[in-house]
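Engineer: Here is a sequence with its predicted model. Questions after.
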Amino acid sequence: MATTFDLGDFVLQGGATLRGAQLTYETYGDLAADKSNAIVYPTWYSGRHQDNEWLIGEGMALDPSRYFIIVPNMLGNGLSSSPSNTPPPYDRARFPNVTMYDNVEAQHRLVTEHFGIERIPLVTGWSMGAGQTYQWGVSYPDMVERIAPFCGSSRCSYHNKVFLEGVKAALTADGAFEHGWYTSPPTTGLRAASRVYAGWGFSQAFYWDRLWETLGYSSLEDWLVGFWEGFFLDDRDANNLLTMLWTWQNSDVGATPGFNGDTKAALASIRARTLVMPAEKDLYFPPEDEAWAVQHIPGAELRVIPGVWGHFAGHGSNPVDTAFIDAALKELLAR
């Protein structure tokens with residue numbers, strides 16, 4: 001059962017104050033007496049803590065018998081403070097913009113104030129979780145010993161911003177959206193957004209090889225309705241999705257206070273041992289983008305996840321990619 005940490009009056013980077021803000025999280029394993037075994041593993045776009053459990057288990061790198069794994073839910077995901085659960089006046093369409101920096105500040109407070117942890121052996125995460133991982137490395141270079149972002153970026157690329165404009169347009173074009181003041185879910189917009197997503201989450205080669213069949217879908221349309229529309233209709237709130245979309249679209253470690261928008265300088269400030277794992281055919285975060293980031297992080301390694309699963313190589317969707325990521329994390333933790 002997830003636990004909620006009270007952030008109190010939480011001042012966001014953009015200037016708004018979320019009063020009575022909450023960070024919901026789950027933990028796996030036990031914190032060592034010397035508090036030296038904590039791993040932070042943030043959630044991804046629309047993901048919830050339980051969606052990270054595929055990478056946690058006995059005998060895996062994230063082994064609860066060895067490590068204390070903290071999975072904080074991102075602000076806006078419906079469990080931590082979000083448009084859907086915040087009382088007026090900052091409810092629904094009035095919910096303020098949240099940055100990657102804000103998310104990591106909230107998580108840092110949980111880690112330090114609640115658990116009394118001073119050093120973190122590893123921060124890792126997929127997609128927007130990878131963005132938060134990079135941010136941890138920049139925000140707290142003396143605290144974080146290792147970072148392993150996979151299938152994500154330190155700064156949202158222009159091409160990625162264009163993709164997100166498509167998702168945003170689909171969600172907001174539904175008349176039932178009512179500028180964010182809907183009283184029932186804008187399901188037409190949610191279904192449309194899912195179909196925008198479907199062409200990006202998996203690679204061209206995934207579709208060429210009809211790999212949706214390996215996941216139990218009987219046709220392309222069955223895949224689009226059963227997997228993608230089902231995904232977006234699974235209690236995912238449109239305002240929440242738009243809040244997290246803004247966080248993603250505006251992500252940039254260069255926006256960390258003190259760097260004045262200089263992404264290269266922010267990356268250069270990372271002291272953690274860094275292993276960056278893009279997926280070979282990721283359409284959001286191609287390996288070339290992360291190769292650029294790695295060349296600015298002292299001593300960082302780029303290790304490409306091979307195969308055709310694209311962005312969802314980091315979702316736990318297939319055992320081959322899961323084994324690759326797990327083996328890399330084991331290796332990093334042994335350094």
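Structural biologist: Looks like it came in fine.

Engineer: and residue 264, what does it touch?
Structural biologist: 254, 296 (C-beta atoms under 8 Å, 6 or more residues apart in numbering). For every residue, glycine as well, the C-beta is placed using N, CA and C.

Engineer: Go again with 10 Å.
Structural biologist: 154-155, 253-254, 292-293, 295-297 (C-beta atoms under 10 Å, 6 or more residues apart in numbering).

Engineer: Equivalent analysis for residue 236, please.
Structural biologist: Applying C-beta under 10 Å, 6+ apart to residue 236 gives the contacts 45-46, 48, 77-78, 84, 185, 190, 193-194, 244.

Engineer: what do you get for residue 251?
Structural biologist: With C-beta under 10 Å, 6+ apart, residue 251 has these contacts: 99-101, 103, 128, 130-132, 134-135, 152-156, 160.

Engineer: Pull out the buried members of the contacts of residue 236.
Structural biologist: Buried by 16 or more other C-beta atoms under 10 Å: 45-46, 48, 77-78, 84, 185, 190, 193-194, 244, out of those.

Engineer: Inside helices: which ones of the residues you listed?
Structural biologist: The helices, defined by DSSP state H, take in 190, 193-194, 244 from the buried ones among the contacts of residue 236.

Engineer: rewinding a little: can you tell me which of the contacts of residue 264 lies nearest to residue 263?
Structural biologist: Of all the contacts of residue 264, residue 254 has the smallest distance to residue 263: 3.5 Å, by C-beta to C-beta.

Engineer: burial measure for the residue nearest to the closest one when sequence neighbours are not counted, as a count.
Structural biologist: In space, and not counting its chain neighbours, residue 254 is closest to residue 263: 3.5 Å by C-beta to C-beta, 6 or more residues apart in numbering. Residue 263 has 20 neighbouring residues, counting by other C-beta atoms under 10 Å.

Engineer: Touching, residue 312 and residue 321? I think so.
Structural biologist: Yes - the pair residue 312 / residue 321 is scored as a contact, 8.4 Å apart, by C-beta atoms under 10 Å.

Engineer: Look up the residues that both of these two are in contact with.
Structural biologist: Both residue 312 and residue 321 are in contact with 151, 279, where contact means C-beta under 10 Å, 6+ apart.

Engineer: I'd like the buried ones among the contacts of residue 236 written out as JSON lines, with distance to residue 179 and pLDDT added.
Structural biologist: As requested, the buried ones among the contacts of residue 236 are exported to JSON lines (distance: C-beta to C-beta, whole Å; pLDDT from 0 to 100):
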{"residue": "45", "distance to residue 179": "22", "pLDDT": "97"}
{"residue": "46", "distance to residue 179": "21", "pLDDT": "95"}
{"residue": "48", "distance to residue 179": "26", "pLDDT": "97"}
{"residue": "77", "distance to residue 179": "22", "pLDDT": "98"}
{"residue": "78", "distance to residue 179": "20", "pLDDT": "98"}
{"residue": "84", "distance to residue 179": "16", "pLDDT": "98"}
{"residue": "185", "distance to residue 179": "15", "pLDDT": "97"}
{"residue": "190", "distance to residue 179": "16", "pLDDT": "98"}
{"residue": "193", "distance to residue 179": "16", "pLDDT": "97"}
{"residue": "194", "distance to residue 179": "21", "pLDDT": "97"}
{"residue": "244", "distance to residue 179": "18", "pLDDT": "98"}
